[in-house]
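K.L.:
compute the structure for the input listed below.
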Amino acid sequence: MFPPQMQQLMKQVQKIQKKIAQLQEELAERTVEASAGGGMVTAVVNGRQEVVEVRIDPEIFQSGDKEMLEDLIVAAVNEALRRSQEMVQEEMAKITGGLNIPGLFGT
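P.N.:
Numbers count the residues shown, from 1 in each chain. The predicted structure is shown next:
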């Protein structure tokens, strides 16, 4: 049998695991977005760090600058991913009390 302190700790861990599972579901529905090129390209990413949408202003095609468009897409996606990671870290800190758990949500 485990000592009472260990049993209490195990219950707390189970409670945190349940909250984390619930948070994972919620984060799949939450999104952040970032733009590049003055809003010419916008990327939307969910809390699972999945790109769910990329919007490109049709005016950018008039320039014919393929490399610029590619750079703007990369910049917008990278910034949206960074914002998504920040959102996840903030939400995880609420559950874990700021305790950094390696490997959890990429933190």
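K.L.:
quick check: next helix or strand after the lowest-mean-pLDDT helix or strand in the chain?
P.N.:
Ranked by mean pLDDT, DSSP states H and E, the helix or strand of the chain with the weakest confidence is helix 4-29, at a mean of 84. Going down the chain from helix 4-29, the next helix or strand is strand 31-36, by DSSP states H and E.
K.L.:
what strands flank that following strand, and is each parallel or antiparallel?
P.N.:
When sheet partners are counted by DSSP bridges, strand 31-36 sits next to strand 41-46 (antiparallel).
K.L.:
what lies in contact with the strand it pairs with?
P.N.:
27-36, 51-57, 60, 69, 72-73, 75-77, 79-81, 83-84 (Cβ atoms under 8 Å, 6 or more residues apart in numbering). The way it works is simple: take the backbone N, C-alpha and C, and place the C-beta from them, glycine included.
K.L.:
repeat that for 7 Å
P.N.:
27-28, 30-35, 51-56, 72-73, 76-77, 80-81, 84 (Cβ atoms under 7 Å, 6 or more residues apart in numbering).
K.L.:
and that strand, average pLDDT?
P.N.:
In this model, strand 41-46 carries a mean pLDDT of 97.
K.L.:
between the one helix or strand Leu81 maps to and helix 4-29, how many degrees?
P.N.:
Following DSSP H and E, one finds Leu81 within helix 66-96. Counting by axes from the mean of the first three to the mean of the last three Cα atoms, to 10 degrees, helix 66-96 lies at 150 degrees to helix 4-29.
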